[in-house]
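Have a look at this prediction, sequence included:
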Amino acid sequence: MKRFTLPVATFVFLALSACAPTENPTPPTPPKESTPEVSVDSTPAEAPASTVLSMHYMDAAAALADDNLEKAKAALEALANESTGEMKTLAQAAANTGDIAATRERFKPLSALAAKMELPKDYAVAFCPMYKGGSKWVQKKGTLANPYFGKTMLTCGSFEKS
């Protein structure tokens, strides 16, 4: 499969701008027959941006809010495997930890990256002023589920105004 590498900003924008798979995705453009395709990157082709972040990032945030380290690390590993650039690096760093405190600390820069992007109408940026000088994350609107404090302070924080 042809691997498309997108600038990080474009990837993250797409990842957050659509949280459900589209019904009629645009098929990739086939390579020209006269030009041989050369692939420098041997990693698997990434999943559609609309499902990578919504599925894996949200699963990791929910698992951290539920104090479930194994599930969080699995979701972060899946996000790292299916993303590129800074998102891949940050997700892998968060997945490669030994305890939930370290995972939460490394989840912070990943969430900061996600929080900078335009969000679908059902999602919002949440902010906890008490974790490490203030920390953001992205989640569905509704009841807060703080991934930084988990069950001990699950609803600590508030949604930022749009």
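Good, I have the coordinates. Given the structure is predicted, the values throughout are model-derived calculations rather than measurements.

Please make it C-alpha for all contacts and neighbour counts, starting now.
OK.

Contacts for the longest helix that the chain contains, please.
Using DSSP state H, we find that the single longest helix of the chain is helix 100-115. Residues from elsewhere that reach helix 100-115, judged by Cα atoms under 8 Å, 6 or more residues apart in numbering: 12, 16, 64, 67, 69, 73, 87, 90-91, 93-97, 125, 135-138, 147-148.

Of those, which belong to strands?
In strands, defined here by DSSP state E, the members of the contacts of helix 100-115 are 125, 135, 136, 137, 138.

could you redo the residues you listed as a markdown table and give each row pLDDT?
Converted to a markdown table, the ones in strands among the contacts of helix 100-115 look like this (pLDDT from 0 to 100):
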| residue | pLDDT |
| --- | --- |
| 125 | 95 |
| 135 | 97 |
| 136 | 97 |
| 137 | 97 |
| 138 | 95 |
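
nearest to residue 55, of those?
Nearest to residue 55, judged by Cα to Cα, of those is residue 138 at 12.3 Å.

count of residues packed around the closest one?
Applying other Cα atoms under 10 Å, we find 26 residues neighbouring residue 138.

and it, bridged to which residues?
For residue 138, the beta-bridge assignment (DSSP bridges) gives partners residue 125.
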